[in-house]
Structure formats: C-alpha cells, structure tokens
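1. I would like the atomic coordinates for the input below:
(one chain, ligands or ions: 1)
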Amino acid sequence: MSSWEELIPRPRSHFIRVRCPDCGNEQITFDRATTEVSCSVCGAKLVEPRGGKAKILGEIVAVLD
Ligand SMILES: [Zn+2]
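-> Numbers count the residues shown, from 1 in each chain. As a prediction, the model looks like this:
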C-alpha cells in the first residue's frame, strides 16, 4: 500500500545529470524543476515542468541524491 504517498506528496527531489539528445552535452538540473530547462549548448528543451514532477526530455545519466 503506497497510495497515501500519492495523496500526500513529499518534497523529495534529486539533482540529476541529463544528457542532451541533440548534442550530447551533459548538465546538472533538478528533477522537480518548475521552469523549463534548456541545453546550454544547443538550446534544446531538456526538462519540462509538469505540475510537481518535471518531465525529463533528455537522457538521465546520473541521479545525484
Ligand atoms: Zn544540446
């Protein structure tokens, strides 16, 4: 039973290292980013905010707790 965890979201989040699918650049971001994160090299969108948990568009190469 873990449904209560969904009803009461905990502010647990991680820094993640994301690789840009377009140019391969890696950069550190936040898995609960509230603003769009773009690749610092080519400008491709890497993270899209989705009400709480961000949608990661790039490839997650590492999770930094
Ligand atoms: Zn890029």
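
2. only C-alpha atoms from now on, for both contacts and neighbour counts.
-> Will do.

3. quick one: the helices in this protein, in order.
-> 3-7 (DSSP state H).

4. tell me which parts of it are close to the ion?
-> 20, 23, 39, 42 (Cα under 5 Å from the ion).

5. out of these, who has the most neighbours?
-> The member of these that has the most neighbours, counting by other Cα atoms under 10 Å, is residue 20 with 23 neighbours.

6. pretty sure that one contacts residue 43?
-> No - applying Cα atoms under 8 Å as the test, residue 20 and residue 43 come out as separate, 9.2 Å apart.

7. quick one: residues contacting the spatially most central residue of the chain.
-> Nearest residue to the geometric centre of the chain (Cα atoms, centre = their mean): residue 31, 3.2 Å. Applying Cα atoms under 8 Å, 6 or more residues apart in numbering, we find residue 31 in contact with 13, 14, 15, 16, 53, 54, 55, 56.

8. so where's the chain shaky on pLDDT?
-> The chain contains residues with pLDDT under 70 at 1-11.

9. in it, which spans are strands?
-> Here the chain has its strands, by DSSP state E, at 15-19, 26-30, 37-38, 45-48, 55-56, 59-64.

10. neighbouring strands for the second one, and are they parallel or not?
-> The pairing partners recorded for strand 26-30 under DSSP bridges are strand 15-19 (antiparallel).

11. over to the longest one?
-> Within its sheet, strand 59-64 is paired with strand 15-19 (antiparallel), according to DSSP bridges.

12. just how off-centre is the strand it pairs with within its chain?
-> The gap between where strand 15-19 is centred and where its chain is centred comes out at 7 Å by Cα atoms, centre = their mean, to the nearest Å.

13. which other residues reach that strand?
-> By Cα under 8 Å, 6+ apart, strand 15-19 touches 25-31, 46, 58-65.

14. rerun at 6 Å
-> 25-30, 58-64 (Cα atoms under 6 Å, 6 or more residues apart in numbering).

15. quick one, which of the contacts of residue 31 are buried?
-> With burial judged by 16 or more other Cα atoms under 10 Å, the buried subset of the contacts of residue 31 is 16, 54, 55, 56.
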